[in-house]
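Peer 1: Got a predicted model here, sequence first, then my questions.
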Amino acid sequence: PNREPLLFGFVQRISRAIDAPTPSRIDIDTNVNASAGFRQGLASIFSDDLVLTIGLPLVAGLNTRQLAGVVAHELGHFAQGGGMR
């Protein structure tokens, strides 16, 4: 959040809008994909220690509204709670 406040603010606003936990970490990679998961694998399964991964090609290829939709979809997995566990 300190290094990328705009990205975290963007994700946090979407999290609040859909009543999903905000991820504790956001990773950026080079895959044309996005994903939601536990930051420390099984060690995070009983907490909200979550990571959102966003592929840089998505950021480059989508407009803000489309990217928000992808992020909302992934955050929806966080909102499921039991579904991820």
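Peer 2: Everything's here; your move. Fair warning: this is a prediction, and the values are worked out from it, not measured in the lab.
Peer 1: F78: how many residues sit nearby?
Peer 2: By the criterion of other C-beta atoms under 10 Å, F78 has 23 neighbours. Just so you know, the C-beta spots here come from the backbone N, C-alpha and C atoms, and that holds for glycine as well.
Peer 1: just checking, it touches A20?
Peer 2: Yes. The pair F78 / A20 is scored as a contact, 4.6 Å apart, by C-beta atoms under 8 Å.
Peer 1: how close does V59 sit to Q80?
Peer 2: Remark: distance between V59 and Q80 (C-beta to C-beta, to the nearest Å) = 24 Å.
Peer 1: right, I mislabeled it, should have said N33
Peer 2: 19 Å.
Peer 1: Also A20?
Peer 2: A20 is 9 Å from Q80, by C-beta to C-beta.
Peer 1: do the same with R13
Peer 2: Separation of R13 from Q80 (C-beta to C-beta): 20 Å.
Peer 1: Mind checking what secondary structure V32 has?
Peer 2: Here V32 is recorded as coil under DSSP: H, G, I helix; E, B strand; the rest coil.
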